[in-house]
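Trainee: this one's sequence-less:
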Ligand SMILES: [Cu+2]
């Protein structure tokens, strides 16, 4: 029955892009980083992640980087005079002690600019999150279909958000 472990490994690999994944960095729990797939030629794309601070001290997400983008920025999105506007948050995003901060469609997000190529559905994309206290954390983003809402990205963790 030698083939069985190989089949099992193959099915795990195939299941990987859609499955939940998370990371621990000190007191920070980094849940399900994901990006939206982009059409060929798109200049920019969006990335999302949920961060839980289980520690007693505030931290701050200062910046992000990925090899898929010439630069990556942290953005907020809000409605001003009836128009949805994104803007960079140069001071980063506060991750208060004991709280959960979600970067999600319609709110805080990562903006990938000067893409080196399309973000392809099903791929795994490296992402570096740099925190004030936790330092640089390497994670991988799952890639969801274009236009995927937050709930379609495999939030089957059964964890607090
Ligand atoms: Cu943006």
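Mentor: Nice, thanks for sending it over. All values reported here derive from a predicted model rather than from experimental measurement. Residues are numbered from 1 along each chain as shown.
Trainee: any idea which helix or strand comes after the helix or strand bottoming out on mean pLDDT in the chain?
Mentor: None of the helices or strands of the chain scores lower by mean pLDDT, DSSP states H and E than helix 3-15, at a mean of 49. Using DSSP states H and E, the helix or strand that follows helix 3-15 in sequence is strand 22-25.
Trainee: in that next one, what counts as buried?
Mentor: 23, 25 (16 or more other C-beta atoms under 10 Å). In this view, the C-beta of every residue, glycine as well, is placed from N, C-alpha and C.
Trainee: got it, and stretch 55-64?
Mentor: Neighbour-count burial for stretch 55-64 [16+ other C-beta under 10 Å]: 59, 60, 61, 62, 63, 64.
Trainee: can you give me phi and psi for the closest residue to residue 28 other than its chain neighbours?
Mentor: Counting by C-beta to C-beta, 6 or more residues apart in numbering, residue 134 is the residue found nearest to residue 28 once chain neighbours are left out, at 5.1 Å. Dihedral pair for residue 134: phi -70, psi -10, per degrees, to the nearest 10.
Trainee: list the contacts for residue 134?
Mentor: 25, 26, 27, 28, 59 (C-beta atoms under 8 Å, 6 or more residues apart in numbering).
Trainee: what's the spacing between it and the ion?
Mentor: Counting by C-beta to the ion, to the nearest Å, the separation of residue 134 from the ion is 23 Å.
Trainee: and what of residue 29?
Mentor: 24 Å.
Trainee: could you report the pLDDT at that residue?
Mentor: Listed pLDDT for residue 29 reads 97.
Trainee: count the neighbours of it for me.
Mentor: Burial of residue 29 is recorded as 17 neighbouring residues (other C-beta atoms under 10 Å).
Trainee: contacting residues around it?
Mentor: 22, 23, 51, 52, 54, 159.
Trainee: need the longest strand for this protein.
Mentor: In the chain, taking DSSP state E as the definition, the longest strand is strand 69-80.
Trainee: what pLDDT, on average, does that strand get?
Mentor: 94.
Trainee: how far away from the center of its chain is it?
Mentor: 13 Å (C-alpha atoms, centre = their mean, to the nearest Å).
Trainee: so which residues make contact with it?
Mentor: In contact with strand 69-80 (C-beta under 8 Å, 6+ apart) are residues 45, 47, 61, 63-66, 84-89, 92-93, 106-116.
Trainee: from those residues, which would you call buried?
Mentor: For the contacts of strand 69-80, buried by 16+ other C-beta under 10 Å: 45, 47, 61, 63-66, 92-93, 108-112, 115.
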